[in-house]
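> Sequence first, then the predicted structure, then my questions.
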Amino acid sequence: MPLTEADLDLVWDTEKRAYAHPWSRGNFEDSLRSGYPAQMLVTPPLPGDNPLQLTASGHMLLGYWVAMAGVDEMHLLNIAVAPEHRRQGWGLVLLQALATHTLAQGHAWLWLEVRTGNTPAQCLYRRMGFLPVGLRKQYYPAGNGQRDEPEPAGPPAQAMNPPTVDPKTALHSLHLDERQRAMLAAMGTPVWWPEAITETAAEAKPAPPPPTPVRPAPAPEAAPVPTPAAAPAADPAIATLSWDALTEAIQSCQACGLCLGRQRAVPGMGNRQARWMIVGEAPGEQEDKQGLPFVGPAGQLLDAMLAAMGLTREADVYIANVIKCRPPHNRNPEPAEVAQCRPYLQRQIELVQPDLILALGRFAAQTLLAGVVPDVDKLPLGKLRGQVYRVDGRPVVVSYHPPYLLRSPADKGKTWADLCLAMDALGYNPLEKPTPAQPQT
């Protein structure tokens, strides 16, 4: 439905609720008076809907977009989903409508800007085929001591000109429910995706494995590498412990000097039967106080990363560290300390039986890849990223440690590429929402 001045008050109110740096009402007015294309996504109201959130025509506002036409290209200026309707797939529907409008106007390119800190939007745009082409420095004022830079992006021209979509193919190309598909059809919007997914390819993609204690996880293999001596075997005394006994052993461990300065050991947390396992490096100050991994600002960043993947730490992942006690002053762990803690981590992996392990940080990567990558202890983290390793038959993907990303936010884009690699390794799409497993802590 076209966005008109009759609905500007409602749209502007939604804009202010959706963004920390919203457009002004004048921005919308100027766009409409200049003839810029602008659309609203609406649906008939349901009993109990807030009447103040209805359009002039009596529909419930789900979202909107505003664009500007250029020479052979379209620029997305603003797109938003009402906060109360987020995480339901409506952002994808809005982009579908925008892509169709762009093609109908004869444009070969669609450009947009997304903040580097807007991880869910980064997820959506990149999985739709948009490619980052630059970074606008110091465009927004700094907030919380950090700048949030907009990243211009656009898809290749050929990606914006897909062939006629076969209905069978379309069912595989987007994860939309029947109501959303019906709305797209009513708007004359075909299901669109930059890379057509054939029915054969969809059938060839392994289905999610059943929830059994050991779940094989298909993944793209890294290039074969020479295999050096095997990693140290698990401690026999630890290798047979149950969850409760393992947790008690970690909390009472006095195998190295780290126990002398700890407040609490940090065994781990999350779903003990999760498909995803995240391995970090060592507890910090807040973790030492609370006895939980990844709390404080680093934990908030990790939660945002998981949310962009459609995951939560409580239901969908198990989180553990290589080192179970905080090193003094957050120094790097010593090799002897890693050696003492490694059997605990090995047992946790055996108990969880994850489909994939995400190693965050150099020490996590070096510990997990010992015996797989030659001279791994001499390689920087940047050399270990970008491929899927196999460790004891399961895929391992390496990325940056969240505390490092707080100090170096420019590398968040690289981390998102690593997360996309991990999702591809599992054939996992965050737009699909399977019933989560029950958390066990």
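Sure, I can see it.
> what's Val279 sitting at in phi/psi?
phi -120, psi 120 (degrees, to the nearest 10).
> Could you do Val373 as well?
The phi/psi pair for Val373 (degrees, to the nearest 10) reads phi -110, psi 120.
> next one: the one 3 residues further on
Phi and psi for Val376, reported as degrees, to the nearest 10, are phi -60, psi -30.
> Check the burial of Lys414 by counting its neighbours.
Counted with other CB atoms under 10 Å, the neighbours of Lys414 add up to 16. For the C-beta atoms, the positions are set from N, CA and C on the backbone; glycine is no exception.
> oh sorry, the question was meant for Gln254
Neighbour count of Gln254, defined by other CB under 10 Å: 9.
> same question, Ala308
When counting by other CB under 10 Å, one arrives at 19 neighbours for Ala308.
> Nearest residue to it in space, please, no chain neighbours.
Counting by CB to CB, 6 or more residues apart in numbering, Thr119 is the residue found nearest to Ala308 once chain neighbours are left out, at 4.1 Å.
> who's in contact with Met1?
Residues near Met1 by CB atoms under 8 Å, 6 or more residues apart in numbering: 39-42, 55, 57, 59.
> I'd like these as TSV, with pLDDT and neighbour count appended.
Output for the contacts of Met1, formatted as TSV (pLDDT from 0 to 100; neighbours: other CB atoms under 10 Å):
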residue	pLDDT	neighbour count
Gln39	92	19
Met40	92	22
Leu41	89	25
Val42	87	19
Thr55	88	18
Ser57	87	11
His59	88	18
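> Mind checking which of the residues you listed land in strands?
39-42 (DSSP state E).
> ok so, going back, looks like the residue nearest to Ala308 contacts Ala304 (just checking).
Yes. Counting by CB atoms under 8 Å, Thr119 touches Ala304, with 5.4 Å between them.
> So between these two, which is more surrounded?
Thr119 (21 against 15).
> quick revisit: what's the spacing between the residue nearest to Ala308 and Gln346?
Distance from Thr119 to Gln346, counting by CB to CB, to the nearest Å: 31 Å.
> what residues are up against Glu281?
By CB under 8 Å, 6+ apart, the neighbours of Glu281 are 321-323, 333, 360-364, 401.
> rerun that using 7 Å as the cut-off
321-323, 361, 363-364, 401 (CB atoms under 7 Å, 6 or more residues apart in numbering).
> Any buried residues in stretch 289-305, and which?
291-296, 298-299, 301-303, 305 (16 or more other CB atoms under 10 Å).
> Filter those residues down to just the ones in helices.
Within the buried residues of stretch 289-305, residues falling in helices by DSSP state H are 296, 298-299, 301-303, 305.
> Including distance to Leu98 and pLDDT, could those go into CSV?
Shown next, in CSV, are these (distance: CB to CB, whole Å; pLDDT from 0 to 100):
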residue, distance to Leu98, pLDDT
Gly296, 38, 86
Ala298, 35, 91
Gly299, 35, 92
Leu301, 30, 92
Leu302, 31, 94
Asp303, 29, 93
Met305, 26, 91
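> circling back: need the ones in strands among the contacts of Met1 in TSV (columns: distance to Leu124).
Output for the ones in strands among the contacts of Met1, formatted as TSV (distance: CB to CB, whole Å):
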residue	distance to Leu124
Gln39	18
Met40	19
Leu41	15
Val42	21
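> Spatially nearest residue to Ile238 (excluding sequence neighbours)?
Pro343 (4.4 Å).
> Quick one: classify that neighbour as helix, strand or coil.
Three-state assignment for Pro343 (DSSP: H, G, I helix; E, B strand; the rest coil): helix.
> Next, count neighbours for it.
Around Pro343 there are 21 residues (other CB under 10 Å).
> Would you confirm that it contacts Pro236?
No. With contact defined as CB atoms under 7 Å, Pro343 does not reach Pro236; the gap is 9.1 Å.
> on that earlier part again, next one: the residue nearest to Ile238 from His401, what distance?
For Pro343 relative to His401 (CB to CB), the value is 22 Å.
> again with Gln387
For Gln387, the distance to His401 - CB to CB - is 19 Å.
> Then Asp392?
23 Å.
> what sits against Ala67?
Ala67 touches 36-37, 74-77, 98, counting by CB under 7 Å, 6+ apart.
> still on that earlier bit, list the contacts for the residue nearest to Ala308?
Counted by CB under 7 Å, 6+ apart, Thr119 has contacts 304-305, 308, 416.
> In JSON lines: those, plus distance to Trp111.
Output for those, formatted as JSON lines (distance: CB to CB, whole Å):
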{"residue": "Ala304", "distance to Trp111": "25"}
{"residue": "Met305", "distance to Trp111": "26"}
{"residue": "Ala308", "distance to Trp111": "22"}
{"residue": "Trp416", "distance to Trp111": "20"}
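> Which pair of the residues you listed spans the longest distance?
Greatest spacing in the contacts of Thr119, by CB to CB: Ala304 and Trp416 (10.9 Å).
> With respect to Val279, which of the contacts of Glu281 is nearest?
Nearest to Val279 among those: Ala364, at 4.6 Å, using CB to CB.
> I'd assumed Ile323 was in contact with the closest one.
No. Ala364 is beyond contact range of Ile323, at 9.6 Å (criterion: CB under 7 Å).
> thinking again about what came up before, which of the ones in helices among the buried residues of stretch 289-305 lies closest to Ala82?
For these, the residue nearest Ala82 by CB to CB is Asp303; the value is 22.6 Å.
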